[in-house]
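>>> Fold the following.
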Amino acid sequence: MMQKVKSKLKFKNKRKDSVTILTDPYRYLKNQFRKADSNNSGYLDFEEAKDLCKSLNIKLEKEDLRNLFNEANTEKSNPASKEKGEVLNEDEFVSFYYKLMRRPEIDEIFRRYTKNSNQSNRMTPEALLDFLKEEQKDDLAIEECKEIVKNFESSDDKTSFTKEGFTHFLMFNDWQELLSPISRTQVKADQMVHPLSHYWIASSHNTYLSGNQLTGESSIDAYINALKWGCRCVELDCWDGDEGDPIIYHGHTLTSKILFKDVVEACKKYAFEKSDFPLIFSIENHCSLEQQDRMAEHLVSILGDMLYTELIQDDEKNMPSPMSLRGKILVKAKRLPPSATGDDDDNEDESDDDERDESKKKKDKKISKKLSDLVNYIHAVHFPGFNNNDAKFFHMSSFGESKTKKIIADPETARDFVKYNTKQLSRIYPGAKRQDSSNLKIVEPWCAGCQIVALNYQTDDRQNHLNRAMFAANGGSGYILKPKFLRDSITAYSPTSPSGLNRSEFPSLILSVDILSGQHIPRPHGVDEGEVIDPYVEVKIRGHPDDYNEPDNHKETESVHNNGFNPTWKQSFVFTIKVPEVAFLEFKVKDHSHSGKDQHLGSYAIRIKDTQEGYRRAYLLDYSGKELKPASLFVKINKRWIK
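Below you'll find the predicted structure:
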């Protein structure tokens with residue numbers, strides 16, 4: 001009981017810290033000031049301020065810019081500062097910045113919650129409490145609201161908010177982001193006790209490659225990067241190497257080669273840096289018996305207690321949970337029959353022949369008993385079909401991209417696939433034709449309950465963007481609990497349209513999205529020079545075909561002419577989402593072109609389940625996963641459930 005109390009107190013303290021601590025905006029502003037101060041004088045003259053505006057993607061009439069500059073230049077008439085003249089010091093520059101960043105949409109919120117205030121143009125902690133409850137759906141105590149005001153108010157009076165202080169709170173506090181810091185940093189322990197088959201698992205395809213599938217470089221760093229992203233299933237494509245030591249590379253291609261043991265050592269070091277929960281080694285075994293034995297020896301000697309080698313007990317009916325396997329590495333590979341006393345033949349391929357490239361098609365070969373004995377809960381088998389009486393919960397099959405599409409396209413086999421995935425693991429991988437390391441569409445197999453949908457992590461594309469959105473929550477653990485209809489084999493559900501869900505148990509969602517404004521939207525490709533952009537926002541719902549194929553679930557704002565600094569849209573959209581449990585909200589900011597293709601400026605995606613209501617900030621990213629801070633969208637979200 002005492003442990004539970006301590007845990008709750010720890011959670012509350014983290015929650016309070018996240019709400020009340022300021023994400024320092026001044027570091028960014030000081031950096032901008034120093035960059036603009038071309039002669040290192042400690043001041044900005046008007047020409048330097050004008051150049052700064054250009055670099056920040058701001059286009060204003062010279063007269064308007066001069067007026068804002070003069071308003072901020074408060075020390076000009078100060079007798080002690082007469083030598084300063086027509087320049088801004090750091091403090092005045094901050095004032096100049098906020099005048100440029102005037103936010104009418106935030107001013108409107110401020111007025112609404114201060115109209116009955118006894119203090120002129122001030123928001124009291126009580127008014128802030130009302131705002132948080134009504135708009136943000138956030139229940140705080142009045143003492144916490146006082147602490148917020150104290151931490152975010154920029155004036156000397158820290159007992160209530162000015163407009164600027166309230167703006168600081170909304171724009172520079174983690175808790176006001178679309179994804180809460182609690183979801184981003186904390187694992188929900190009570191959701192980590194289901195069988196492994198009940199989770200979506202962050203997974204990589206041909207993890208060793210840092211480029212294409214034919215001539216790309218094989219790299220230890222590729223494994224390290226994937227693990228740092230929270231990947232929980234990495235692939236090891238193993239072949240006989242020189243001097244009896246197995247190697248990893250894409251067989252029969254010009255990709256470079258790395259030692260198996262070096263990969264295992266790197267994975268040991270970084271396996272649990274991002275997540276404590278189990279890591280799966282998906283082994284593609286092309287080695288001779290002698291080198292398979294060597295692989296087994298490396299796994300045992302290098303990983304030690306990290307390697308999970310417990311035998312499956314006769315009374316077990318389901319896979320173990322991520323919680324029970326914390327800090328453990330599991331091997332996914334072929335396994336000999338229990339009766340085998342020595343090395344034996346392997347006469348089946350776990351994957352579909354139509355999807356395998358020539359390098360991975362295998363003739364009958366022997367399996368090392370040493371390596372086989374390291375396989376327990378993830379026993380790779382050729383897919384025998386659905387409703388197979390000999391199927392075991394620990395049997396896992398791999399499905400190529402085209403076979404997966406074929407299964408999901410047929411309503412009958414699609415439902416069988418969902419049922420299969422409630423009990424057993426499935427691994428989905430990109431088709432052999434994707435030699436450029438492009439990726440399959442990831443949401444479709446997720447909607448069928450497929451746990452291990454393997455992506456080429458090295459490719460900067462929308463699929464990896466959505467993959468990062470899927471696994472952003474639950475503390476970045478790499479494990480996301482599937483909804484009940486993807487865990488319960490008797491629930492009526494289809495990943496094809498219509499879903500067939502019982503609305504009384506799984507209600508639809510009316511999602512209202514207001515695209516209010518943007519801040520610091522970058523030019524294409526992150527360049528500092530060039531024309532000022534005309535940004536607009538595409539808003540899409542991705543997920544089940546019932547939702548993604550609905551034309552009304554694809555919207556876009558008007559473009560804002562010549563303003564990437566603080567464009568204002570104030571456009572509202574309403575989406576009806578029939579299967580919100582597998583749905584994503586995606587924002588894509590583009591530059592409207594009058595002559596060529598509209599350029600992608602930045603994106604943001606989040607699971608509907610993880611989306612906070614109220615006025616929220618969404619920081620933009622590029623498809624490599626790089627944050628484009630301070631580039632962001634300011635939006636308002638409202639959810640209404642309908643049965």
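
>>> rest of the way, CA atoms for contacts and neighbours
Noted.

>>> which other helices and strands contact the helix or strand containing Ile428?
Using DSSP states H and E, Ile428 sits within strand 426-429. In this structure, strand 426-429 makes packing contacts with strand 395-400, helix 401-409, strand 452-455, judged by 3 or more C-alpha pairs under 8 Å, 6 or more residues apart in numbering; DSSP states H and E.

>>> any idea which helix or strand comes after that strand?
Next element after strand 426-429 (DSSP H and E): helix 443-447.

>>> quick one: contacts for His592?
For His592, the contacting residues are 533-536, 559, 598-599, by C-alpha atoms under 8 Å, 6 or more residues apart in numbering.

>>> Closest one of those residues to Trp239?
Ranked by distance to Trp239 (C-alpha to C-alpha), the contacts of His592 are led by Gln599 at 43.0 Å.

>>> Give me the neighbour count for that closest one.
Per other C-alpha atoms under 10 Å, the neighbour tally for Gln599 reads 16.

>>> I'd guessed it sits against Ile533; true?
No - Gln599 lies out of contact with Ile533 (C-alpha atoms under 8 Å); the separation is 9.7 Å.

>>> which residues are common contacts for these two?
What both Gln599 and Ile533 touch, as defined by C-alpha under 8 Å, 6+ apart, is the set 591-592.

>>> Do you know the pLDDT at the residue nearest to Asp610 when sequence neighbours are not counted?
Leaving aside its chain neighbours, Asp610 sits nearest to Leu179 (6.2 Å; criterion: C-alpha to C-alpha, 6 or more residues apart in numbering). Looking at Leu179, its pLDDT reads 97.

>>> quick one: strands adjacent to the strand holding Ile428?
Its sheet considered, strand 426-429 pairs with strand 395-400 (parallel), strand 452-455 (parallel) by DSSP bridges.

>>> and Leu440, which of these is closest to it?
So among these, strand 452-455 is nearest, using C-alpha to C-alpha, at 7.5 Å.

>>> Quick check: next helix or strand after that closest one?
Following strand 452-455 in sequence, per DSSP H and E, is helix 462-470.

>>> could you point out which element follows that following helix?
strand 479-481.

>>> What about Glu177? Give its phi and psi, please.
phi -80, psi 160 (degrees, to the nearest 10).

>>> Please tell me I have it right and it contacts Ala618.
Yes - assessed by C-alpha under 8 Å, Glu177 is found in contact with Ala618 at 6.0 Å.

>>> Looking at the two, which is more packed in?
Glu177 (23 against 20).

>>> that older thread, report the distance from the strand holding Ile428 to the chain centre.
Here the centre of mass of C-alpha atoms in strand 426-429, compared against the chain's by C-alpha atoms, centre = their mean, to the nearest Å, lies 20 Å away.

>>> cool, stretch 427-436 as well?
22 Å.

>>> distance between the ends of it?
Stretch 427-436 has an end-to-end distance of 21 Å (C-alpha to C-alpha, to the nearest Å).

>>> same thing with stretch 603-612?
Start-to-end, stretch 603-612 (C-alpha to C-alpha) is 18 Å.

>>> List of residues touching that stretch?
Counting by C-alpha under 8 Å, 6+ apart, 136, 177-180, 183, 465-466, 469-470, 473, 580-589, 618-623, 637 sit against stretch 603-612.

>>> For the stretch 501-643 of the chain, just list every one of the helices.
545-548 (DSSP state H, counting those that start in this stretch).

>>> So, low pLDDT: which residues of it?
Confidence mapping of the stretch 501-643 of the chain against pLDDT under 70 gives the ranges 528-529.

>>> Return the helix or strand in this structure with minimum mean pLDDT.
helix 2-20 (a mean of 41; mean pLDDT, DSSP states H and E).

>>> roughly how far is stretch 451-464 from the heart of the chain?
11 Å.

>>> Would you confirm that Lys99 contacts Asn67?
No - Lys99 lies out of contact with Asn67 (C-alpha under 8 Å); the separation is 10.4 Å.

>>> Overlap in contacts, these two.
Counting by C-alpha under 8 Å, 6+ apart, no residue touches both Lys99 and Asn67.

>>> of these two, who's got more company?
Neighbours per residue (other C-alpha under 10 Å) separate Lys99 from Asn67, with Lys99 holding more: 14 against 11.

>>> Would you check how far apart the more buried one and Arg112 are?
21 Å.
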